[in-house]
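**Q** Let's see this in three dimensions:
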Amino acid sequence: MFKQIFLFELKYRMSRPATWAYFGILFLFGFLTAIYGSVPVSEKTFANSPYSIANMLTIVSLFGMLIASAVMGVPVHRDIEHGVKDYLFSYPVTEKGYIGGRFLGSLLVLFLISLGLQLGMMLGFGLGPVAGLEEAERFGPFAFSYYLHPTLLLYWPNLLFTGTIFFALVALTRKVMTTYVGSILLFIAYLLANTLVSDLEMRDLVDILDPFALNTLSNATRYWTTVEQNTVRVPRGGSRSPAARAQ
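**A** Below is the predicted model:
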């Protein structure tokens with residue numbers, strides 16, 4: 001029954017207007033940010049550099065917890081609200097199959113929704129040099145790996161982290177309100193990491209405590225030159241620049 005529940009959740013989510021609304025919001029945000037070159041990097045760094053794209057994806061994943069809570073916090077509660085949870089278990093379906101199907105189906109939809117940001121950025125950065133809204137020199141060459149690498153390393157793991165917490169909270173408490181409490185706790189943890197990052201001697205601790213790796217990414221790329229920011233993908237570990245590690 002796992003397959004049937006998984007496919008049902010996937011089909012149900014893809015037919016909901018809210019799914020495409022979330023996708024459209026991320027797409028529009030990514031497109032406008034990219035075409036105007038409004039990215040969190042210096043003017044000497046390409047707007048579509050691997051460093052810039054990694055920062056954008058990480059920052060958006062922080063606020064993406066709102067979408068994650070809306071997508072992942074609903075599946076189990078929907079059955080509880082409509083009073084069909086006991087009816088479902090009258091069929092030959094195991095608890096693992098039921099929970100697993102709901103979870104993986106919603107998680108896949110969450111990942112698909114999140115791709116709206118990358119697609120919008122790709123289109124915006126592609127049109128940026130000819131749109132005239134930003135100097136053409138701010139845009140570098142296109143490389144698909146610049147998007148894929150931080151998506152797998154930072155963006156999706158952050159969504160998986162927050163989505164799993166929201167899903168588990170509702171499944172265990174049977175109350176959607178717990179997702180809001182979870183959001184508050186995550187923000188508190190993030191603020192704590194931001195407080196500790198001001199102490200240079202505690203950067204390693206910050207790298208561990210930051211639940212979204214935003215400060216971790218900053219520490220890992222702190223000493224990168226402009227050339228490195230324009231050409232090097234974010235590392236999986238270490239805090240020194242690629243040139244320093246090569247010495």
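**Q** what's near enough to touch the closest residue to residue 34 other than its chain neighbours?
**A** Closest residue in space to residue 34, ignoring its immediate chain neighbours: residue 124 at 2.7 Å, by C-beta to C-beta, 6 or more residues apart in numbering. In short, each C-beta sits where N, CA and C put it, glycine included. Going by C-beta atoms under 8 Å, 6 or more residues apart in numbering, residue 124 touches 30, 31, 32, 33, 34, 35, 36.
**Q** which residue packs closest to the second one, ignoring adjacent ones?
**A** Pointing back at residue 31 there. Nearest to residue 31 is residue 120, by C-beta to C-beta, 6+ apart, at 3.7 Å.
**Q** so where does that neighbour fall, helix or strand?
**A** Element membership for residue 120, per DSSP states H and E: helix 95-131.
**Q** May I see the buried residues of that helix?
**A** Neighbour-count burial for helix 95-131, counted by 16 or more other C-beta atoms under 10 Å, picks out 97-99, 101-103, 105-107, 109-111, 113-118, 120-122, 124-125, 128-129.
**Q** before we move on, back to that, what pLDDT is listed against the residue nearest to residue 31?
**A** Reading off the confidence values, residue 120 has pLDDT 97.
**Q** Would you enumerate the residues in contact with it?
**A** Contacts for residue 120 (C-beta under 8 Å, 6+ apart) come out as 26, 27, 28, 29, 30, 31, 32, 33, 34.
**Q** Go again with 10 Å.
**A** 23-35 (C-beta atoms under 10 Å, 6 or more residues apart in numbering).
**Q** Residue 5 too?
**A** Shown in contact with residue 5 (C-beta under 10 Å, 6+ apart): 75, 88, 93, 97, 98, 99, 100, 101, 102, 103, 104, 105.
**Q** roughly how far apart are it and residue 140?
**A** 45 Å (C-beta to C-beta, to the nearest Å).
**Q** gap between stretch 109-126 and the chain center?
**A** Put simply, stretch 109-126 sits 11 Å off its chain's centre (C-alpha atoms, centre = their mean, to the nearest Å).
**Q** Restrict it to CA atoms and write it as PDB.
**A** C-alpha atoms of stretch 109-126 as PDB (Å, rounded to 0.1, in the frame of the first residue of the first chain):
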ATOM      1  CA  VAL A 109       6.300  17.800  -4.000                       C
ATOM      2  CA  LEU A 110       8.300  20.200  -1.800                       C
ATOM      3  CA  PHE A 111      11.400  19.500  -3.800                       C
ATOM      4  CA  LEU A 112       9.600  20.100  -7.000                       C
ATOM      5  CA  ILE A 113       8.100  23.400  -5.700                       C
ATOM      6  CA  SER A 114      11.600  24.500  -4.600                       C
ATOM      7  CA  LEU A 115      12.900  24.200  -8.200                       C
ATOM      8  CA  GLY A 116      10.900  27.200  -9.100                       C
ATOM      9  CA  LEU A 117      13.600  29.400  -7.600                       C
ATOM     10  CA  GLN A 118      16.400  27.800  -9.700                       C
ATOM     11  CA  LEU A 119      14.400  28.000 -12.900                       C
ATOM     12  CA  GLY A 120      13.600  31.600 -12.300                       C
ATOM     13  CA  MET A 121      17.200  32.400 -11.600                       C
ATOM     14  CA  MET A 122      18.400  30.600 -14.700                       C
ATOM     15  CA  LEU A 123      16.000  32.500 -16.900                       C
ATOM     16  CA  GLY A 124      16.700  35.800 -15.100                       C
ATOM     17  CA  PHE A 125      20.500  35.400 -15.400                       C
ATOM     18  CA  GLY A 126      20.100  34.400 -19.000                       C
END
